[in-house]
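1. Sharing a model prediction with you, sequence too.
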Amino acid sequence: MSYKPLAGKDDFEKVFNSSSQSVSSENFRALILITNDNFRLGMILPKKNIKLAVHRNYLKRIIRNLSIDIFSESKVSLVVVSKKRILDFKKEKLRREIKTLFLNLTKKLNEKNNYIFN
């Protein structure tokens, strides 16, 4: 039920350069790489896009919780990036968007690679 964080430039570059699948939504982009390691998670939520630290921390918590629920038993590396400045910060809307993003990602992976998520 836990994860390891992606640490360092090399881990992130590995996912960016050879991702198995990527999905975008209005405010976020998720890239996933199938690996032989346990579930690993990386987030890029720059201050330029999300001004308040409270909002960045909320998004990190939501991304962490939802990704652990969906991907914890999988051997994947996941990176979530905020694409643009979030002007209208509505918690429930963003939570739904992230959940839909992850579900679309699993659906795409299942179709493309016959990779089964629980």
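-> Good, I have the coordinates.
2. quick one, what contacts Phe39?
-> Phe39 makes contacts with Tyr3, Lys4, Ser67, Ile68, Phe71, Ser72, Glu73, Ser74, Lys75, Val76, Ser77, Leu78, as judged by Cβ atoms under 8 Å, 6 or more residues apart in numbering. Every residue, glycine included, has its C-beta placed from N, CA and C.
3. did I read that right, Ile63 in a helix?
-> Yes - per DSSP: H, G, I helix; E, B strand; the rest coil, Ile63 lies within a helix segment.
4. Please list all residues in contact with it.
-> Ile63 neighbours (Cβ under 8 Å, 6+ apart): Leu41, Met43, Val80, Ile98.
5. Specify which member of these is nearest to Ala30.
-> Nearest to Ala30 among these is Val80, at 5.1 Å by Cβ to Cβ.
6. mind checking the backbone torsions on that closest one?
-> phi -120, psi 130 (degrees, to the nearest 10).
7. can you give me the strands for the chain?
-> Remark: strands assigned in the chain by DSSP state E are 4-5, 21-24, 28-34, 40-44, 76-82.
8. Out of the contacts of Ile63, who's the most crowded?
-> With neighbours taken as other Cβ atoms under 10 Å, the top of the contacts of Ile63 is Val80, carrying 24 neighbours.
9. Contacts only, for the residue nearest the centre of the chain.
-> Geometric centre of the chain, nearest residue: Val80, 3.4 Å, by Cα atoms, centre = their mean. Going by Cβ under 8 Å, 6+ apart, Val80 touches Phe28, Arg29, Ala30, Leu41, Gly42, Met43, Ile44, Leu45, Ile63, Ser67, Ile98, Leu101.
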